[in-house]
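J.: output the structure for:
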Amino acid sequence: MNVAFLFPGPGSLRAGMLHRLPDTAASATVLAEAEWGHPGGVAQLDTAEALAESEVARHVCLLVAGVAGARALMEDENVRPAVVAGHGLGGYAAAVVAGLLTFPEALRAVRLRAELLERAEEPPHDIGIRMAQHLATIPRRAHRLPYVACTSGACLEGDANAVFDDLARSVALPVRWEEMTATLSATAADRWVELPPGRALTAHLSGERTGAAGQPGPGVPVVSVEECGIAEAADFARGGRGDAQ
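T.: Modelled structure (predicted):
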């Protein structure tokens, strides 16, 4: 089986999301790395109050959840994705798994993105330019996996600059749901796994919700790590039924 790892955006945020991550060694390591990289630690970032009040809390929680879920599947369950995609901010976690950003680099980038949005001193387009300038300082690396861009729907491989452009533009441009769905369907990935938190992205892409153009998705089997747990998600990714819908 070939699996797509999908990383949700802000619509999936929920209180307690970091406390519901898979209980595995890899997931615990990501949380420990985030504690070192985030001033004050991350233990209290996923409270309802913090998520409501702090853009930094929302950004950091979403990145940590996505990377922790992916590493739990890859390192503890030996599940290897064939392609990755992210919704807006979720693209940063996808870029980590694709090998284009290190986790510390992604943490610094999403903190900057959050701080710029929280200050609200510039329009989103200008914040996108700022993000592009910041990402230009990060070394370019070879792709480990194809990356489906949310701002264009294109499948990017061998072009780190195009991925970083997508990450920067995601702060200002809408998600191209129809194009993302078509591109993911055209890859070899015949099963889609949504990383924590939630199931909002696969709900859009699989047709449980309609996208911007009102077109239903292709009915690809999908599963949410948070909803079904790490063991069932891994079984699904290997070809079992899991909790597929």
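
J.: would you say Ala85 is within a strand?
T.: Yes: Ala85: assigned to a strand according to DSSP: H, G, I helix; E, B strand; the rest coil.

J.: the least confident helix or strand in the chain by mean pLDDT - contacts with which helices or strands?
T.: Across the helices and strands of the chain, mean pLDDT, DSSP states H and E gives its lowest value to helix 200-205, namely a mean of 73. With contacts taken as 3 or more CB pairs under 8 Å, 6 or more residues apart in numbering; DSSP states H and E, helix 200-205 sits against strand 3-7, helix 177-186, strand 191-194, strand 222-224. Every residue, glycine included, has its C-beta placed from N, CA and C.

J.: burial check on the residue nearest to Ala188 when sequence neighbours are not counted, number of neighbours?
T.: Of all residues not flanking Ala188 in the chain, Asn2 sits nearest, at 4.4 Å (CB to CB, 6 or more residues apart in numbering). Residues near Asn2, counting by other CB atoms under 10 Å, number 13.

J.: any idea how far Asn2 lies from His125?
T.: Distance, Asn2 to His125, by CB to CB, to the nearest Å: 36 Å.

J.: check contacts around the residue nearest to Ala188.
T.: Residues counted as contacts of Asn2 (CB atoms under 8 Å, 6 or more residues apart in numbering) are 82-83, 187-191.

J.: and the buried ones among these, selectable in ChimeraX?
T.: Per 16 or more other CB atoms under 10 Å, the buried members of these correspond to this ChimeraX selection:
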select :82,83,189,191
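
J.: export the contacts of Asn2 to a markdown table and tack on distance to Ser224 and pLDDT?
T.: Shown next, in a markdown table, are those (distance: CB to CB, whole Å; pLDDT from 0 to 100):
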| residue | distance to Ser224 | pLDDT |
| --- | --- | --- |
| Ala82 | 18 | 95 |
| Val83 | 18 | 97 |
| Thr187 | 20 | 90 |
| Ala188 | 21 | 84 |
| Ala189 | 16 | 89 |
| Asp190 | 17 | 90 |
| Arg191 | 12 | 92 |
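
J.: any chance of the contacts of Asn2 in CSV, plus distance to Val225?
T.: Shown next, in CSV, are the contacts of Asn2 (distance: CB to CB, whole Å):
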residue, distance to Val225
Ala82, 17
Val83, 17
Thr187, 20
Ala188, 21
Ala189, 16
Asp190, 18
Arg191, 13
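
J.: which single one of the contacts of Asn2 is nearest to Asn161?
T.: Asn161 has its nearest neighbour among the contacts of Asn2 in Val83, at 19.0 Å by CB to CB.

J.: I figured the closest one hits Leu156, correct?
T.: No: between Val83 and Leu156 there is no contact under CB atoms under 8 Å: 10.2 Å.

J.: tell me, what's touching these two both at once?
T.: 146-148.

J.: so Ser170 sits right up against Val163, yeah?
T.: No: taking CB under 8 Å as the definition, Ser170 is not a contact partner of Val163, at 10.8 Å.

J.: neighbour count: the two, which is higher?
T.: Shown here are Ser170 and Val163; by other CB under 10 Å, Ser170 has more neighbours (25 against 22).

J.: okay, that one: pLDDT?
T.: Looking at Ser170, its pLDDT is 97.

J.: likewise Gly211?
T.: 38.

J.: for the residue lying farthest from the centre of the chain, give its distance to Leu112.
T.: Note on the chain: the largest C-alpha distance from the chain mean falls to Glu121, namely 26.3 Å (CA atoms, centre = their mean). Per CB to CB, Glu121 is found 13 Å from Leu112.

J.: could you do Gly229 as well?
T.: Distance check for Gly229 against Leu112: by CB to CB, it reads 34 Å.

J.: helices of the chain, residue ranges please.
T.: In the chain, the helices defined using DSSP state H lie at 25-37, 48-53, 55-71, 90-97, 103-119, 124-135, 160-169, 177-186, 200-205, 225-228, 230-237.
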